[in-house]
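Trainee: next come a sequence and a model predicted from it.
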Amino acid sequence: MNKQAGFSLLEVLITMLIVSFGLLGIAGLVITSLKNTQGSYARSQASLLANDIIDRMRANRAVASATPSPYNLTLTADPAGAGVPLADLTQWRSALATSVPAGTGAVNVDDASKKVTVTVQWNDSHATADAARGVGGSAQQIVVETRL
């Protein structure tokens, strides 16, 4: 008579339980990886678009260097003015809005030194927050400074 009947079924159930926890852990890692990939993509796009407006200003250097510069723009204001600066800022803001979540940007040209400060801000609430590295959380921002 076999006194261990059904023991292998118990082993299979325990094994399935252990494998299930392992698969849930792997799924969690994949989700975290996807969130961080989205955050990394947004940072890359923000950096590219910050350099885009700087390149547009350099292509129109005489107008961008005027006092006051028609390229000055705050984070909350809509582009104003006329001509190429208005078109550049409008297209840039449109690209920010479509490329990064809740993307917006600001440009400040210092009249004396012609130092340009470009700020790009977006919502990165889907990324994993890491306060030590300054990434993740809701509002993220990069600032690029250069001279015309």
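Mentor: Perfect, thanks for sending it.

Trainee: check which helices and strands the one helix or strand Leu24 maps to is in contact with.
Mentor: If you go by DSSP states H and E, Leu24 is part of helix 7-59. Judged by 3 or more CB pairs under 8 Å, 6 or more residues apart in numbering; DSSP states H and E, the packing partners of helix 7-59 are helix 83-99, strand 104-109, strand 115-123, strand 139-147. Heads up, the C-betas are built off the backbone N, CA and C, glycines and all.

Trainee: let's have those in TSV, adding mean pLDDT, distance to Lys35 and mean neighbour count.
Mentor: Below are the helices and strands packed on helix 7-59 laid out as TSV (pLDDT from 0 to 100; distance: least, CB to CB, whole Å; neighbours: other CB atoms under 10 Å):
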stretch	mean pLDDT	distance to Lys35	mean neighbour count
helix 83-99	97	18	17
strand 104-109	97	22	21
strand 115-123	97	13	20
strand 139-147	95	13	14
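
Trainee: just tell me which of the ones you listed ends up closest to Ser69.
Mentor: strand 104-109 (3.6 Å; CB to CB).

Trainee: how about the closest one as PDB, C-alpha atoms only?
Mentor: The C-alpha trace of strand 104-109 is given here as PDB (Å, rounded to 0.1, in the frame of the first residue of the first chain):
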ATOM      1  CA  THR A 104       6.200  73.700 -22.400                       C
ATOM      2  CA  GLY A 105       9.300  76.000 -22.600                       C
ATOM      3  CA  ALA A 106      10.800  79.400 -22.000                       C
ATOM      4  CA  VAL A 107      13.500  81.400 -23.600                       C
ATOM      5  CA  ASN A 108      15.400  84.300 -22.000                       C
ATOM      6  CA  VAL A 109      18.000  86.400 -23.800                       C
END
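
Trainee: which other helices and strands contact that strand?
Mentor: Short answer (3+ CB pairs under 8 Å, 6+ apart): strand 104-109 packs on helix 7-59, helix 83-99, strand 115-123.

Trainee: what's around Thr32, how many residues?
Mentor: By the criterion of other CB atoms under 10 Å, Thr32 has 12 neighbours.

Trainee: and the pLDDT for it?
Mentor: Looking at Thr32, its pLDDT stands at 89.
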